[in-house]
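In: What would the 3D arrangement of this be:
(chains A, B, C and D)
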2 protein chains.
Amino acid sequence: MTTANIRDVARRAGVSIATVSNVLNRPEQVASTTRKRVLDAIAALGYIRNDSARQLRAGRSRQLAIVVLDLANPFFTDVVSGTESAVEDRDVMVIVCNSGADAGRERRHLELLAEQRVGGVLITPVDDGPGSGLDQLVRRGTPVVLVDRRSDRSNQCSVSVDDVLGGRLAGAHLGEQGHARIAFVGGPFSVAQVVDRHTGFRAALEGISTVTVVETSTMSIAAGQSAAGQIAELPARTRPSAVFCGNDLLALGMLQELTRRGVRIPEDLAIVGYDDIAFAAAAVVPLSSVRQPREQLGRAAAQLLLEELETGAGHEHRHILFKPELVVRESSSRR
Amino acid sequence: MTTANIRDVARRAGVSIATVSNVLNRPEQVASTTRKRVLDAIAALGYIRNDSARQLRAGRSRQLAIVVLDLANPFFTDVVSGTESAVEDRDVMVIVCNSGADAGRERRHLELLAEQRVGGVLITPVDDGPGSGLDQLVRRGTPVVLVDRRSDRSNQCSVSVDDVLGGRLAGAHLGEQGHARIAFVGGPFSVAQVVDRHTGFRAALEGISTVTVVETSTMSIAAGQSAAGQIAELPARTRPSAVFCGNDLLALGMLQELTRRGVRIPEDLAIVGYDDIAFAAAAVVPLSSVRQPREQLGRAAAQLLLEELETGAGHEHRHILFKPELVVRESSSRR
DNA sequence: CCTAGAGAGTGAAACGTTTCATCAGGTCGT
DNA sequence: ACGACCTGATGAAACGTTTCACTCTCTAGG
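Out: Reported below is the predicted structural model:
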């Protein structure tokens, strides 16, 4: 299906292609009668700009990409929805990519994005070490904003949430409730978020209660279920009376499996999750959780990126740190 | 940041640009020593193909798009993950768009995709009437595959699941359990899925039990909660002893709100959902649900699209209909 | 020794825009 | 009446590929 091009439009309207282009890009510069003629021709032919040509000429594209760790986690879909709202009617397209926490997939995505010459990338990276796809992208000069991760390097913006504080909130809350033995469930400890949340958590409970750690290999519902098994099988005197889960998926899996085993939540064991995804509030035992401003995260990141695209070279990289907020629900409130 | 050119590569390798292009696209046609020289130059310069130019020349792009109704619904993220798996290492990029069930957003997305000259589109349409963005796209010759929706027109492929059968499975199951009064919760009835599921459901219960309908305006957790309120407040003698929800979000909202009001699931009231998203199985009272082959749906749709792209004009449109499967869990099993 | 053909490489056109410098024609002030 | 200026329109170059038709060189077969 060979689509009409700008030349066809020009011919039909009896003007030059430059004029058609002007109608499209600087309508005020062309006489209204000509403009009308051109617009009619466009409508008649069903002309649609060819963005490839546009980009080629412009050197850069009007596409942004967001690469998330796990599209199946509602946390990330909310972040995505935040960035989408930030670019609404900006004449920009957002490409959503899912790395699935796999470095290979991440690299492949970034390569394709580089070939597309995307204008910029929002990413929660799996691998941002030297030589990684991300590293190369940044070095090539593509604006990149890290999402949900503070950047160690200074050649990029980042938007993140204070995970240490989040952990501390959870810790303080459970401490106040008088729990003497508490578990932290999450992992792997190679990911910064886990470390930070754990650190804050521990700090808040220093000298107040003992904290045991159940390390998981992922942060999924299934991992939560199996961690629940481990905890339920501990001898009664060492079993914790509360757990803090590294995210809500873990917490939901935990909640289910413990209930199945006859452990009552929160009477026998209190649970606090992290992220405050919609499913946390909607659980049969509504889940206490450390809320992250998910949409805001995505929105702020997009704004930073757009800003960088506009200011260009003179841009100063910024690092935005949001504060999380504890939402107490039934799963951790002693009645 | 001006990136290296194919011309730069050619110069550095001491060959013509045609040869560089050959190395990239038909490596077997160039002598191995030259090839090596070119590859070295590419590596040294960090050359990256410019896809805009490539597309411009080729006339079409190597991008597919999938436009979903609601990215926050795990059902759709699973479908997306299915299509992603189908195009793995196909040297194709999938663009994920979220219409959010909003016709305006859908149209805007489709316009941008048309400008990109995407190779094809997978879509669960909000609006596919004449004059809609989708209609125009198809008319321009872009291959389109409908997802989770059977197509009335014959100029496109479609992949869907037999919703009437799904409704029937749910109905038969609840009928067998001896429920005399059953409610169907879902809506709006302007969407085909709702109508079909309801139809099948009713058909299975014909003459067995009475079915009342609670129509909702969306299929969200919140809608489920408010529907639960309505049902709980019915006088005891007309209150149903089982409900079938149009999707799992509704069912989860329902499950929570009813529990909160002291209704025991499944003893006082049985619940069956639809989709079988991960959160259904993971609920505290594991949710019975009509399972749709979510990833398969996405995968099959992508395969159909790829097939159409390869065969070109001679392509015969196909309509794939999957069969759903009832998964009985605690929420509907009388013990 | 001559020619056919294979193998390897190349020049140039084409894809569809945008934009810059230029031009035609008209208006205005002096 | 004449230059200065403005408005609106245009021709042509450029963006970075891919590909077609072509040339050149070398080998093998007769």
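
In: from here on, contacts and neighbour counts on C-alpha atoms
Out: OK.

In: A:Gln29 touches A:Ser21, doesn't it?
Out: No. Contact between A:Gln29 and A:Ser21 fails when scored by Cα atoms under 8 Å: they sit 10.9 Å apart.

In: I figured A:Gly224 was touching A:Asp248, is that so?
Out: No. With contact defined as Cα under 8 Å, A:Gly224 does not reach A:Asp248; the gap is 9.2 Å.

In: All the strands of chain A, residue numbers only.
Out: A:63-68, A:93-98, A:120-123, A:144-147, A:157-161, A:181-186, A:210-215, A:242-245, A:270-275, A:288-291, A:319-322, A:325-327 (DSSP state E).

In: could you say what helices and strands the longest helix along chain A packs with?
Out: Across chain A, the longest stretch assigned as helix under DSSP state H is helix A:294-311. For helix A:294-311, the contact count by 3 or more Cα pairs under 8 Å, 6 or more residues apart in numbering or on different chains; DSSP states H and E identifies helix A:74-87, strand A:120-123, strand A:144-147, strand A:157-161 as packing neighbours.

In: Which of these sits closest to chain B?
Out: Taking Cα to the nearest Cα, helix A:74-87 is the member of those nearest to chain B, at 5.8 Å.

In: chain center to the closest one: distance?
Out: Taking Cα atoms, centre = their mean, to the nearest Å, one finds the center of helix A:74-87 at 7 Å from the center of the full chain.

In: same thing with stretch A:211-227?
Out: Centroid displacement of stretch A:211-227 relative to its chain, using Cα atoms, centre = their mean, is 22 Å.

In: For the lowest-mean-pLDDT helix or strand in chain A, list every residue counted as buried.
Out: Here the helix or strand of chain A ranked lowest by mean pLDDT, DSSP states H and E is helix A:133-139, holding a mean of 91. By neighbour count with 16 or more other Cα atoms under 10 Å in any protein chain shown, helix A:133-139 contains the buried residues A:133-134, A:136-138.

In: any weak-confidence spans in the stretch 201-335 of chain A?
Out: A:334-335 (pLDDT under 70).

In: For it, which residue gets nearest to DNA strand C?
Out: Ranked by Cα to the nearest atom of the strand, the top residue of the stretch 201-335 of chain A for proximity to DNA strand C is A:Glu310, at 14.2 Å.

In: Count the residues that sit near that residue.
Out: For A:Glu310, the neighbour count with other Cα atoms under 10 Å in any protein chain shown is 11.

In: if I look at it, how far off is chain B?
Out: From A:Glu310 across to chain B, the span is 15 Å (Cα to the nearest Cα, to the nearest Å).

In: now A:Tyr274
Out: Distance, A:Tyr274 to chain B, using Cα to the nearest Cα: 16 Å.

In: For that residue, which non-adjacent residue is spatially closest?
Out: Excluding the flanking residues, the one nearest A:Tyr274 by Cα to Cα, 6 or more residues apart in numbering or on different chains is A:Asn247, at 4.1 Å.

In: pretty sure that neighbour contacts A:Ile277?
Out: No. When contacts are counted by Cα under 8 Å, A:Asn247 is not listed as touching A:Ile277 (9.2 Å).

In: if you count what's nearby, which of the two comes out ahead?
Out: Neighbour totals were compared for A:Asn247 and A:Ile277, and A:Asn247 leads with 28 against 24 (other Cα under 10 Å).

In: Mind checking the strands of chain A for the one nearest to B:Arg153?
Out: For these, the distance to B:Arg153 is smallest for strand A:93-98, at 29.2 Å, taking Cα to Cα.

In: Please identify the buried residues of the closest one?
Out: Neighbour-count burial for strand A:93-98 [16+ other Cα under 10 Å]: A:93-98.

In: swap in stretch A:125-133?
Out: Buried, per 16+ other Cα under 10 Å, within stretch A:125-133: A:125-127, A:132-133.

In: Stretch A:182-189 too?
Out: Here stretch A:182-189 shows A:182-187 as buried, counting by 16+ other Cα under 10 Å.

In: Could you list the residues of chain A in contact with DNA strand C?
Out: Residues of chain A lying close to DNA strand C by Cα under 7 Å from any atom of the strand are A:2-7, A:17-19, A:21-22, A:24-25, A:47-50, A:53-54, A:56-58.

In: which of these count as buried?
Out: A:3, A:5-6, A:17, A:19, A:21, A:47-50, A:53-54, A:56.

In: I'd like those as CSV, with distance to B:Arg149 appended.
Out: Shown next, in CSV, are those (distance: Cα to Cα, whole Å):
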residue, distance to B:Arg149
A:Thr3, 28
A:Asn5, 33
A:Ile6, 36
A:Ile17, 42
A:Thr19, 43
A:Ser21, 39
A:Tyr47, 29
A:Ile48, 28
A:Arg49, 30
A:Asn50, 30
A:Ala53, 34
A:Arg54, 35
A:Leu56, 37
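
In: Name the nearest of those relative to B:Gly175.
Out: Nearest to B:Gly175 among those: A:Ile48, at 54.5 Å, using Cα to Cα.

In: Spatially nearest residue to that closest one, not counting backbone neighbours?
Out: Leaving aside its sequence neighbours, A:Ile48 sits nearest to B:Glu115 (Cα to Cα, 6+ apart; 6.2 Å).

In: Out of the buried residues of strand A:93-98, flag the one nearest to DNA strand D.
Out: A:Met93 (20.6 Å).

In: separation between the residue in the stretch 1-150 of chain A that DNA strand C sits nearest to and A:Ala44?
Out: Closest to DNA strand C within the stretch 1-150 of chain A is A:Ile6: 3.2 Å, counting by Cα to the nearest atom of the strand. Distance, A:Ile6 to A:Ala44, using Cα to Cα, to the nearest Å: 13 Å.

In: where does the stretch 1-150 of chain A dip in pLDDT?
Out: In the stretch 1-150 of chain A (pLDDT under 70), the answer is A:1.

In: So what's the predicted local confidence for the residue of the stretch 151-300 of chain A found nearest DNA strand C?
Out: Closest contact between the stretch 151-300 of chain A and DNA strand C, by Cα to the nearest atom of the strand, is at A:Gln156 (26.6 Å). With respect to pLDDT, A:Gln156 scores 90.

In: Enumerate the residues of chain A near DNA strand D.
Out: Contact residues, chain A versus DNA strand D (Cα under 7 Å from any atom of the strand): A:14-19, A:22, A:29-31, A:33-35, A:53, A:56-57, A:59.

In: show me the contacts for the residue of the stretch 1-150 of chain A found nearest chain B.
Out: Residue nearest to chain B within the stretch 1-150 of chain A: A:Ser52 (4.7 Å; Cα to the nearest Cα). Each residue near A:Ser52 by Cα atoms under 8 Å, 6 or more residues apart in numbering or on different chains is listed here: B:52-53, B:55-56, B:116-117.

In: Would you mind measuring the gap between the ends of stretch A:6-19?
Out: Length of stretch A:6-19, first residue to last, Cα to Cα: 10 Å.

In: got it, and stretch A:205-224?
Out: 22 Å.

In: and it, which residues are buried?
Out: Neighbour-count burial for stretch A:205-224, counted by 16+ other Cα under 10 Å, picks out A:205, A:208-209, A:211-212, A:214-216, A:219-224.

In: That stretch and chain B in contact?
Out: Yes. Under the criterion of Cα under 8 Å from any Cα of the partner chain, stretch A:205-224 makes contact with chain B via A:Ile221.

In: quick one: contacts of that stretch?
Out: Outside of stretch A:205-224, the residues within contact range by Cα under 8 Å, 6+ apart are A:171-172, A:175, A:179-189, A:202, A:227, A:246-247, A:249-254, B:282.
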